[in-house]
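**Student:** here are the coordinates; sequence isn't available:
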């Protein structure tokens with residue numbers, strides 16, 4: 001899951017980024033409204049945490065532009081003001097939720113999880129691909145009756161593949177959704193993580209679920225639909 005934080009207070013932005021990364025989100029930060037709007041237009045995010053009082057372009061302007069462009073990404077607005085008029089204005093502009101500063105980080109996390117679940121149109125908890133099962137609430141992975149122990153980043157890679165099961169996921173998409181925007185997509189880090197996942201999930205004699213599509217990316221698919229282009 002990739003989140004954009006648009007917040008002009010550097011220390012708060014740093015704390016939010018670190019805290020969200022510790023919760024296994026990939027996080028980009030923008031320190032003004034113009035930068036935030038640019039990143040939201042260029043990159044694919046699962047959620048935006050958007051401050052209202054921003055230099056260059058305020059949060060209302062960022063949100064209104066995104067909605068005018070047809071972008072439906074969930075937006076959680078932040079403000080230091082506890083005024084009903086600001087809340088109404090933000091919601092009218094297309095905000096999905098509203099949080100007044102100061103706030104507890106646990107409350108922010110709860111709001112983020114709720115908005116992401118709502119955006120998926122279902123309170124999805126379990127993803128099943130063949131005999132592989134992912135519990136999205138507890139981050140548990142099983143293949144058949146065997147529990148598979150993964151690192152936090154291995155789980156993030158697998159979850160993104162599982163959420164897009166049956167579809168080719170490019171290296172660029174993986175780098176943008178699992179790592180922050182400054183990740184070097186030309187390094188071999190993605191290959192290393194895919195190798196580790198295969199060593200844990202696709203051990204013989206089990207049929208392979210993770211496949212490389214040469215020149216395109218990776219796909220997680222049940223063994224019923226095998227294809228000679230996959231390796």
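**Tutor:** Received it, and whenever you're ready, just let me know what you need. Bear in mind that the values here come from a model prediction, so they are computed numbers and not experimental data.

**Student:** mind checking how far the worst-scoring helix or strand of the chain on mean pLDDT is from the chain centre?
**Tutor:** Lowest mean confidence among the helices and strands of the chain (mean pLDDT, DSSP states H and E): helix 84-93, at a mean of 73. Centre-to-centre, helix 84-93 and its host chain are 26 Å apart (C-alpha atoms, centre = their mean, to the nearest Å).

**Student:** Paired strands for the helix or strand following it, with orientation please.
**Tutor:** Sequence order places strand 97-100 as the next helix or strand after helix 84-93, per DSSP states H and E. Using DSSP bridges, strand 97-100 pairs in its sheet with strand 75-79 (parallel).

**Student:** Can you get me a residue count around the spatially closest residue to residue 130 that is not a sequence neighbour?
**Tutor:** Distances taken as C-beta to C-beta, 6 or more residues apart in numbering place residue 222 nearest to residue 130, at 3.7 Å, with adjacent residues excluded. To be clear about C-beta, it is placed using only N, CA and C from the backbone, and glycine gets the same treatment. Look at residue 222: counted by other C-beta atoms under 10 Å, it has 15 neighbours.

**Student:** still on that earlier bit, outside of the least confident helix or strand of the chain itself, which residues are in contact with it?
**Tutor:** Under the contact criterion C-beta atoms under 8 Å, 6 or more residues apart in numbering, helix 84-93 has outside partners 52, 59, 60, 63, 64, 67, 77, 79, 98.

**Student:** Identify the farthest-apart pair in those residues.
**Tutor:** Spatial extent of the contacts of helix 84-93 (C-beta to C-beta) is set by the pair 67 and 79 at 17.9 Å.

**Student:** which of those two has more neighbours?
**Tutor:** residue 79 (18 against 15).

**Student:** ok, now which ones touch that one?
**Tutor:** 51, 52, 53, 59, 86, 90, 98, 100, 101.
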